[in-house]
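Participant: Next comes the sequence, and after it the predicted model I'd like to discuss.
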Amino acid sequence: MEPVNDLPNPYQIYTGWAKMPAGRDWGATSAVDVDLDGKSIWIGERCGSDSIRPAFPIRGCAESDLPVVLKFNSDGDMVRSFGGGIFAVPHGFHVDPDGNIWVTDAPFTLPPGIEGKGHIVVKFSPEGERLMTLGTPGVTGDDESHFNMPSDVHVAPNGDIFVADGHGGESNGRIVKFDANGNYLMEWGEPGSGPGQFDAPHGLAMDSQGRLFVADRGNNRIQIFDQNGNLLDEWYQFSRLSGIYIDENDVLYGVDSESNEQRGREDWRRGIRIGSARTGEVWAFIPDPFDANNGPYRVSSGGEGVAADADGVIYSAEVGPRSVKRYVRFED
């Protein structure tokens, strides 16, 4: 299809709004979500590490005890942090309907001597108590109790848990469903490019109808399912999404961090596309502030995670630039 680039951008960018405590630097941040208060922001941060390639192994938090789950108020002050010493590369992030925080751990590889980390999904209370772990730490697989690079997690209003298991390459390509107590219910999908198949199911969101939206990044599309895994639709107009968020009004925010000439998508501009989860119409586009084909972030840019607060302020969690950007609408 024709690239969807030529759209209004009604937002202005704010950088440096979130302040780290003295002595701590920003690391790669791939995930962001909004607290139940509609104002505060939860961020998954990789312990000051830059997980951009070519430096392998990606060290992330594998050798750090720094907290990875960070809560900021609307003024950018950190008001809570926890989750240190558990994860290798925190990746996906979700605030569930009860305010609990879910984090996935998706390392490409681990530094020598590091064992027992990675390939899990962890549930925390808002105060930081560890409530549940899905998967087996440090062990990959494709059965009921193992993941291989789980990219994201989403909890339905009834408490059912959906895990996007896979990050492309030799990892898995499936959606795994559990009940509210963590009991395995079902799964669907496999690696591939056909309908219902996945190549890096990188993000999850759910609309007001209970439809599950999967950002099937490697296939440059969104796949939409009911909660039993039946495929309802495929959308390509939001581009190659790393992150996806749907608000209570079914406004869809999708962030493309990877379209560039190296992937044969030089005609698609990277950035945040905003539209309707009901109709699929895209009505606004915030261009990525970095050049997609040149410079330090040409492989994978800034925004991988995206969320919008109750006032429509957009937050973009960035891997390469190690930051969280804030986008506010211009005055009408």
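Facilitator: In hand now; what should we look at? Numbers count the residues shown, from 1 in each chain.
Participant: Helix, strand, or coil at residue 254?
Facilitator: strand (DSSP: H, G, I helix; E, B strand; the rest coil).
Participant: The stretch 51-200 of the chain: strands as residue ranges?
Facilitator: In the stretch 51-200 of the chain, the strands defined using DSSP state E, counting those that start in this stretch lie at 69-72, 78-82, 90-95, 101-105, 120-124, 130-134, 150-155, 161-165, 174-178, 184-188.
Participant: Any chance of CSV for those strands, columns mean neighbour count?
Facilitator: Glycine gets a C-beta too; all of them are placed from N, C-alpha and C. Output for these, formatted as CSV (neighbours: other C-beta atoms under 10 Å):
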stretch, mean neighbour count
strand 69-72, 23
strand 78-82, 16
strand 90-95, 26
strand 101-105, 27
strand 120-124, 22
strand 130-134, 15
strand 150-155, 26
strand 161-165, 28
strand 174-178, 23
strand 184-188, 15
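Participant: just so I know, which of those strands lies nearest residue 308?
Facilitator: strand 90-95 (12.8 Å; C-beta to C-beta).
Participant: The strands of the stretch 51-200 of the chain: which one's closest to residue 32?
Facilitator: strand 90-95 (6.7 Å).
Participant: List the strands paired with that closest one, with their directions.
Facilitator: strand 101-105 (antiparallel) (DSSP bridges).
Participant: Please save the CA atoms from the partner strand in CSV.
Facilitator: Below are the C-alpha coordinates for strand 101-105, written out as CSV (Å, rounded to 0.1, in the frame of the first residue of the first chain):
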residue,chain,number,x,y,z
ILE,A,101,2.5,-3.6,36.8
TRP,A,102,3.5,-6.4,34.3
VAL,A,103,7.0,-6.6,32.8
THR,A,104,8.4,-9.0,30.2
ASP,A,105,12.1,-10.0,30.0
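Participant: distance between that strand and the chain's centre?
Facilitator: Chain-centre distance of strand 101-105: 10 Å, with C-alpha atoms, centre = their mean, to the nearest Å.
Participant: List of residues touching that strand?
Facilitator: The contact list for strand 101-105 (C-beta atoms under 8 Å, 6 or more residues apart in numbering) reads 31, 33, 42, 44, 68-69, 83, 86-96, 117-126, 150-153, 155, 161, 163.
Participant: Check stretch 178-192 too.
Facilitator: With C-beta under 8 Å, 6+ apart as the criterion, stretch 178-192 contacts 132, 134, 144-145, 158-161, 163, 166, 172-177, 196-199, 201, 225, 228-229.
Participant: Surely residue 254 touches residue 246?
Facilitator: No - counting by C-beta atoms under 8 Å, residue 254 does not reach residue 246; the two are 9.5 Å apart.
Participant: Between those two, which is the more surrounded one?
Facilitator: Each of residue 254 and residue 246 has its neighbours counted (other C-beta atoms under 10 Å); residue 254 has more, 29 against 21.
Participant: Can you tell me the closest non-neighbouring residue to residue 212?
Facilitator: With C-beta to C-beta, 6 or more residues apart in numbering as the criterion, residue 212 has its nearest non-adjacent residue at 4.8 Å, and that residue is residue 225.
Participant: That neighbour and residue 9: what is the separation?
Facilitator: Note on residue 225: its distance to residue 9, by C-beta to C-beta, to the nearest Å, is 31 Å.
Participant: what's the answer for residue 148, then?
Facilitator: 38 Å.
Participant: which intervals of the stretch 1-150 of the chain have sub-threshold pLDDT?
Facilitator: The model of the stretch 1-150 of the chain has pLDDT under 70 over residues 50-59.
Participant: Helices along that one, start to end?
Facilitator: Assigned by DSSP state H, counting those that start in this stretch, the stretch 1-150 of the chain shows no helices.
Participant: follow-up on the earlier one: dump the residue contacts of the residue nearest to residue 212.
Facilitator: Counting by C-beta under 8 Å, 6+ apart, residue 225 has contacts 175, 188, 211-212, 214, 231-232.
Participant: Can you measure across stretch 186-200, start residue to end residue?
Facilitator: Stretch 186-200 has an end-to-end distance of 19 Å (C-alpha to C-alpha, to the nearest Å).
Participant: Buried residues, it. List them.
Facilitator: 187-189, 191, 196-200 (16 or more other C-beta atoms under 10 Å).
Participant: just to revisit the earlier point, which two in the contacts of residue 225 are spaced the farthest apart?
Facilitator: The widest separation within these (C-beta to C-beta) is 14.3 Å, between 188 and 211.
Participant: Out of the strands of the stretch 51-200 of the chain, flag the one nearest residue 281.
Facilitator: With C-beta to C-beta as the yardstick, what comes closest out of those is strand 150-155 (22.9 Å).
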